[in-house]
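[1] A structural model of the following input is requested.
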Amino acid sequence: FFFVDFTKAARTEHIYTDNTSLSSTPITPSIRALDKKRNYQEKNTANKASRIMSITVKVLLFASAREAAGNVSSINCTLDGELNTNALRQTLANQYPGLASLVLDESNITLALNEEYIAQGEVKELTNGDVVALIPPISGG
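    Next up, the predicted model:
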């Protein structure tokens, strides 16, 4: 374990490897170095986020959703700006007017993201390559 003795003017890290040996190494953390690293990480993260302008999501259609889209079983849908399930619903409604009544009303269709159901009212972030299934209500006896 590590024991840091802050009572001395210079910080010292005591490393205990076993009961008999003790080594002391001065710690000289540079606050500037830590700030530079933190700023680099923040800029790097911001650059990654700004590079991702759009994503493509595969949408699987079943039963009445497939019929409403013109008997297509899957669609590759590109999203720009907002990258979540609400944006996907709106994009599908705009691209396939027959699907609008199904996808815009959450009680008409359930979404599954990468084989996991999304609860009604829940909004999930999407990433490039995600698979979203549109699952209409199932009835039967």
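[2] how about the strands of this structure, start to end?
    Assigned by DSSP state E, the chain shows strands spanning 2-5, 12-16, 22-26, 54-61, 74-80, 110-113, 116-117, 131-135.
[3] for the last one, which positions count as buried?
    I take that to be strand 131-135. Neighbour-count burial for strand 131-135, counted by 16 or more other CB atoms under 10 Å, picks out 132-135. (Glycine included, C-beta is placed from N, CA and C.)
[4] For these, give me a markdown table that also has pLDDT and distance to Asp105.
    Output for the buried residues of strand 131-135, formatted as a markdown table (pLDDT from 0 to 100; distance: CB to CB, whole Å):
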| residue | pLDDT | distance to Asp105 |
| --- | --- | --- |
| Val132 | 98 | 17 |
| Ala133 | 97 | 17 |
| Leu134 | 96 | 12 |
| Ile135 | 93 | 14 |
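[5] Report the two of those separated the most.
    Val132 and Ile135 (10.0 Å; CB to CB).
[6] mind showing which ranges of this protein have poor pLDDT?
    Within the chain, the set of residues satisfying pLDDT under 70 comprises 1-52, 140-141.
[7] The same query, at a cut-off of 50, please.
    1-3, 8-23, 25-27, 47, 50 (pLDDT under 50).
[8] for it, what spans make up the helices?
    31-51, 63-68, 85-95, 100-103 (DSSP state H).
[9] Return the member of the buried residues of strand 131-135 nearest to Thr110.
    Of all those, Thr110 sits closest to Ile135, with 4.6 Å by CB to CB.
[10] isn't that closest one right next to Thr110, touching?
    Yes. Between Ile135 and Thr110 there is a contact at 4.6 Å, judged by CB atoms under 8 Å.
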